[in-house]
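Asker: For reference, the sequence and a predicted model appear below.
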Amino acid sequence: KKGSYDHYMQKEIHEQPHSLTTTMRGRLKDGGVLLGGLKEHLKTIRRCRRLVFIGCGTSYNAALAARPFVEELTGIPVTMEVASDLLDRQGPIYREDTAVFVSQSGETADTLLALDYALENGALCVGITNTVGSTLSRNTHCGVHINAGCEIGVASTKAYTSQIVAMTMMALAVGSDQISTQARRDAIISGLTSLPSNVSDVLKLDVGMKELASSLIDSESLLVFGRGYNYATALEGALKVKEVALMHSEGMLAGEMKHGPLALVDENLPIIVIATRDACFSKQQSVIQQLLSRRGRLIVMCSKGDASAVCPSGSCRVIEVPEVADCLQPVVNIIPLQLLAYHLTVLRGFDVDQPRNLAKSVTTQ
Ligand code: UD1
Ligand code: BG6
Ligand code: NA
């Protein structure tokens, strides 16, 4: 089943042009988006007071990646909940809320308990899952199957990118009654159409990421700074490194750099800064300058052709990725980090598909 690949994680990373295609298949129609699983509920969702995104691990990160665009296109405030934390707090959920549960397996215990809780509180419950017939799919009022195909590697890769795309399509569908954002929606739909080929393109960084991994094998820690659309990319990139390569790694909001993380910067600690083109670009340029002036060891991810714009001194290692519509950039940007985590794991001699102490699906609390 792994075919020509050594590991499922590797296969699933390289499969993403295809899994993204199947996520979108039959759903981009006549210049609009048709999600069969949501169409009866769009009116209720449009009227809700708030969207609450709920998940664990990578699925939480996917929801976080979608959040800025969902807020932009629907105008509905989005709050983020890690399932266990919502349960710990017994946080308020109201009848006027739409609760969106994101889970690859559809069987994660905390996510399902949070679903029971939201159902009891009368919210409309929407599922985003990869597993037809899962408890999440059955027990939600409606939802979207992401159709990414079976994912075997414990570290989620292709499900993450398909979850983001499914939630992007959800935002397009919910926002489709707004005339003022028609041009923006058209641009995103056209971006979605070319996304699989952009992803094929970024997968060519495989060899470069293996080289980068070999320069990091003995590091004790790796920081990843992102913001805006790519805050989630920083969290998810760091999660991949931690869970499979068993290396300490933290994703951080670049806007918080001066409030603590800056104290860690020295010439040894490797730091990845995500600085692809979007509305936050100039802020990330200044973050890079501040890190360089403290002798930070920087690896900068930027849009193709931007190497000298992000690092005029030439003292950073640069990862150039194809530029896509800003809200879709997280789908492209996570891929070099997935490849990096994969190669780091192999080079450090750890189990890629069954990382120590972890399970694919955590069905107990
Ligand atoms: C459905 C069919 C698909 C077919 C297509 C043709 C299924 C599973 N899907 O896809 O095979 O090609 O019609 O138009 O038969 N749901 C939840 N919670 C979730 C996910 C989904 O309640 O977490 C519900 C949806 O609201 C919907 C149903 O499950 O009622 C199927 O969802 P989905 O597969 O996303 O719908 P379609 O894309 O229309
Ligand atoms: C586990 C997996 O911790 O559960 C992660 O190892 C996953 O990869 C998390 O992100 C949540 O799983 P699911 O199925 O709810 O998306
Ligand atoms: Na259902």
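Answerer: Good, I have the coordinates. Ligands and ions are numbered 1, 2, ... in the order given.

Asker: And for the closest residue to ligand 2 within the stretch 151-300 of the chain, the neighbour number?
Answerer: In the stretch 151-300 of the chain, the residue that lies nearest ligand 2 is Ser156 (4.0 Å; CB to the nearest ligand atom). Yep, even glycine has a C-beta here, placed from its N, CA and C like the rest. Using other CB atoms under 10 Å, Ser156 is surrounded by 28 other residues.

Asker: Just give the closest residue to it, not the sequence neighbours.
Answerer: Thr58 (4.0 Å; CB to CB, 6 or more residues apart in numbering).

Asker: Where does the one you found fall, secondary structure wise?
Answerer: Taking DSSP states H and E as the criterion, Thr58 maps to helix 57-74.

Asker: re earlier: the residue nearest to Ser156 and ligand 2: what is the separation?
Answerer: For Thr58, the distance to ligand 2 equals 3 Å [CB to the nearest ligand atom, to the nearest Å].

Asker: can you pull the contacts of that residue?
Answerer: By CB atoms under 8 Å, 6 or more residues apart in numbering, Thr58 lies in contact with Gln104, Ala155, Ser156, Ala159, Tyr160, Glu236, Leu239.

Asker: Now tabulate those residues in TSV and tack on pLDDT and secondary structure.
Answerer: TSV is the format used below for the contacts of Thr58 (pLDDT from 0 to 100; DSSP: H, G, I helix; E, B strand; the rest coil):
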residue	pLDDT	secondary structure
Gln104	98	coil
Ala155	96	coil
Ser156	98	coil
Ala159	98	helix
Tyr160	98	helix
Glu236	98	helix
Leu239	98	helix
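
Asker: Would you show me how to pick out the buried ones of those residues in ChimeraX?
Answerer: A single ChimeraX command selects the buried members of these (16 or more other CB atoms under 10 Å):
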select :104,155,156,159,160,236,239
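
Asker: In the protein, mark out all the strands, start to finish.
Answerer: For the chain, the strands defined by DSSP state E cover 28-29, 32-33, 50-55, 78-82, 97-103, 124-129, 142-145, 221-226, 248-253, 270-275, 297-303, 317-321.

Asker: Output the third one in PDB, but only the C-alpha positions, please.
Answerer: Coordinates of each C-alpha in strand 50-55 appear next as PDB, following Å, rounded to 0.1, in the frame of the first residue of the first chain:
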ATOM      1  CA  ARG A  50     -21.000  33.100  16.600                       C
ATOM      2  CA  LEU A  51     -19.100  30.200  15.100                       C
ATOM      3  CA  VAL A  52     -17.200  28.100  17.500                       C
ATOM      4  CA  PHE A  53     -14.400  25.900  16.000                       C
ATOM      5  CA  ILE A  54     -13.600  22.900  18.100                       C
ATOM      6  CA  GLY A  55     -10.900  20.200  17.600                       C
END
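
Asker: what's it packed up against?
Answerer: Helices and strands touching strand 50-55, by 3 or more CB pairs under 8 Å, 6 or more residues apart in numbering; DSSP states H and E, are helix 57-74, strand 78-82, helix 83-89, strand 97-103, helix 109-120.

Asker: Out of those, which gets nearest to ligand 1?
Answerer: strand 97-103 (7.1 Å).

Asker: quick one: is the closest one near ligand 1?
Answerer: No - Strand 97-103 is not in contact with ligand 1 by CB under 6 Å from any ligand atom; minimum separation 7.1 Å.

Asker: packing partners for that strand?
Answerer: Looks like strand 97-103 contacts strand 50-55, helix 57-74, helix 109-120, strand 124-129, helix 158-174 (3+ CB pairs under 8 Å, 6+ apart).

Asker: can you rerun that using 7 Å?
Answerer: Under the contact criterion of 3 or more CB pairs under 7 Å, 6 or more residues apart in numbering; DSSP states H and E, strand 97-103 touches strand 50-55, helix 57-74, helix 109-120, strand 124-129.

Asker: for the record, mean pLDDT for the longest one?
Answerer: Spelled out, that is helix 57-74. In this model, helix 57-74 has an average pLDDT of 98.

Asker: Kindly format the C-alpha coordinates of that helix as PDB.
Answerer: The C-alpha coordinates for helix 57-74 follow below in PDB (Å, rounded to 0.1, in the frame of the first residue of the first chain):
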ATOM      1  CA  GLY A  57      -4.100  18.500  17.700                       C
ATOM      2  CA  THR A  58      -3.700  19.000  13.900                       C
ATOM      3  CA  SER A  59      -7.500  19.400  13.400                       C
ATOM      4  CA  TYR A  60      -7.500  22.300  15.800                       C
ATOM      5  CA  ASN A  61      -4.600  23.900  13.800                       C
ATOM      6  CA  ALA A  62      -6.600  23.400  10.600                       C
ATOM      7  CA  ALA A  63      -9.500  25.300  12.100                       C
ATOM      8  CA  LEU A  64      -7.200  28.000  13.200                       C
ATOM      9  CA  ALA A  65      -5.800  28.300   9.700                       C
ATOM     10  CA  ALA A  66      -9.300  28.800   8.300                       C
ATOM     11  CA  ARG A  67     -10.400  31.200  10.900                       C
ATOM     12  CA  PRO A  68      -9.200  34.500   9.400                       C
ATOM     13  CA  PHE A  69     -10.800  33.800   6.100                       C
ATOM     14  CA  VAL A  70     -14.100  32.500   7.600                       C
ATOM     15  CA  GLU A  71     -14.400  35.700   9.600                       C
ATOM     16  CA  GLU A  72     -13.600  37.800   6.500                       C
ATOM     17  CA  LEU A  73     -16.100  36.100   4.200                       C
ATOM     18  CA  THR A  74     -19.000  35.500   6.600                       C
END
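
Asker: What residue in the stretch 251-365 of the chain comes nearest to ligand 1?
Answerer: For the stretch 251-365 of the chain, CB to the nearest ligand atom, closest residue to ligand 1: Ser361, 15.3 Å.

Asker: Check the spacing between the closest residue to that residue other than its chain neighbours and ligand 1 real quick.
Answerer: Distances taken as CB to CB, 6+ apart place Ser105 nearest to Ser361, at 4.2 Å, with adjacent residues excluded. Per CB to the nearest ligand atom, Ser105 is found 11 Å from ligand 1.
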